[in-house]
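1. After the sequence you'll find the predicted model.
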Amino acid sequence: MWDYPRPPALVPDARRVRVALGERAIASTTSALRLLETAHPPTFYLPRTDVDMTLLRRKAKVGSRCEWKGSATYFDVVVDERAIDGVAWSYETPFGDYQALAGHIAFYASILECTVDGHRASPQPGGFYGGWVTPELAGPFKGDPGSGSW
């Protein structure tokens, strides 16, 4: 990740990416987009066509804003009347170089079971960031203690 660019690069990823809550599949795709940014593990964006959108509930509040991607819209995941607050997000009208993110959803790996080619992803440290740490990556990562000024 230290050779990932800044501003971030957006690249296709054909590996099987799956998101679930317990036994319930929320998304599964081989058409993910990976956002690669210096010092961050990749963030995976999955096409809405491969997400069970009946399990997502758009949040009314305004989301965060990224200088490169634009304003985020957040979603709760609701499975069997269990609601997980703000665990997914999208960029409905992304800025210039990130137009490909339109129609895609990203998920935090902290509560949900996120896998890449069958390997469970760990959440990026720090709670705020949306990167997925997979076995081929080595830290330190933005979000680790002492990384606030990176």
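-> Everything's here; your move.
2. ok, and what's touching the helix or strand bottoming out on mean pLDDT in the chain?
-> In the chain, the helix or strand scored least confidently by mean pLDDT, DSSP states H and E is strand 65-66, which has a mean of 84. The contact list for strand 65-66 (CB atoms under 8 Å, 6 or more residues apart in numbering) reads S71, A72, Y91. All C-beta atoms are positioned from the backbone trio N, CA, C, and that covers glycine.
3. Could you report the separation of the last one from L137?
-> Relative to L137, Y91 is positioned 23 Å away (criterion: CB to CB, to the nearest Å).
4. what's the answer for V87, then?
-> Applying CB to CB to V87 and L137 gives a distance of 21 Å.
5. higher neighbour count, these two?
-> Neighbours per residue, other CB atoms under 10 Å: of V87 and L137, the larger number sits with V87, 22 against 16.
6. Look up which helix or strand that one falls in, please.
-> strand 82-90 (DSSP states H and E).
7. one step back: show the buried residues in the contacts of strand 65-66.
-> A72, Y91 (16 or more other CB atoms under 10 Å).
8. Cool, thanks, signing off.
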